[in-house]
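Undergrad: Starting from these lines, generate the structure:
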Amino acid sequence: MQSSYIPFSGPGEILFKKGDPALGFYWVLNGEAEIIIPNKRSIILSPGAMAGLDSFIEEDSVPFDIINRGRKLDCIFIDRRCYNNMREHHEFNRYMNRMVLNCLRSYRNLLLPSERIYL
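TA: Sure, this is the predicted structure:
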């Protein structure tokens, strides 16, 4: 498996289906992806966001469907080998830490009532 550029060209195209193993993650370059969370508001992933990152880091399956939100979505798929090579660069590590915090904020805001958030 190699990291590569992957274009999506139609609304609803699937990046990950719920239960897929997270063998890598998608780095959104152009367009928007959407994390579909049943009975909750979806999470929109804009350019710079990473789809499936949390599951990839935890070496777990993807808990929600992630789809192309619009007509065109351009991504880079990052596999484990590429990720490990990129981790050697300090700036990449800082960016990854920001992305993980963004994932946590997005999920927390959807899954916890606002009165239970203590930050």
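
Undergrad: quick one, helices of this structure?
TA: 53-58, 80-86, 90-111 (DSSP state H).

Undergrad: So which bits of the first one are buried?
TA: Applying a neighbour-count criterion of 16 or more other C-beta atoms under 10 Å, one finds 53-57 buried in helix 53-58. Where you see a C-beta, it was placed from the backbone N, CA and C, and this is true even at glycine.

Undergrad: on that earlier part again, I'd like to know which of the helices of the chain lies nearest to Tyr5.
TA: Among the helices of the chain, the nearest to Tyr5 by C-beta to C-beta is helix 80-86 (12.2 Å).

Undergrad: and the closest one, what does it pack onto?
TA: strand 24-30 (3 or more C-beta pairs under 8 Å, 6 or more residues apart in numbering; DSSP states H and E).

Undergrad: Among the buried residues of helix 53-58, which one sits closest to Asp74?
TA: Each of these was scored against Asp74 by C-beta to C-beta, and Leu53 proved nearest at 17.1 Å.

Undergrad: isn't that closest one right next to Phe25, touching?
TA: Yes: if you go by C-beta atoms under 8 Å, Leu53 and Phe25 touch, sitting 4.6 Å apart.

Undergrad: Please name the nearest non-neighbouring residue to the residue nearest to the spatial centre of the chain.
TA: For the chain, Ala51 is the residue whose C-alpha lies nearest the centre (C-alpha atoms, centre = their mean; 1.5 Å). Distances taken as C-beta to C-beta, 6 or more residues apart in numbering place Tyr26 nearest to Ala51, at 4.2 Å, with adjacent residues excluded.

Undergrad: try Glu59
TA: Nearest non-adjacent residue to Glu59 (C-beta to C-beta, 6+ apart): Ala22, at 7.2 Å.

Undergrad: Now the helix or strand bottoming out on mean pLDDT in the chain: buried residues?
TA: In the chain, no helix or strand scores lower on mean pLDDT, DSSP states H and E than helix 90-111, which sits at a mean of 74. The neighbour-count check on helix 90-111 (16+ other C-beta under 10 Å) flags 96, 99, 102-103, 106-107 as buried.
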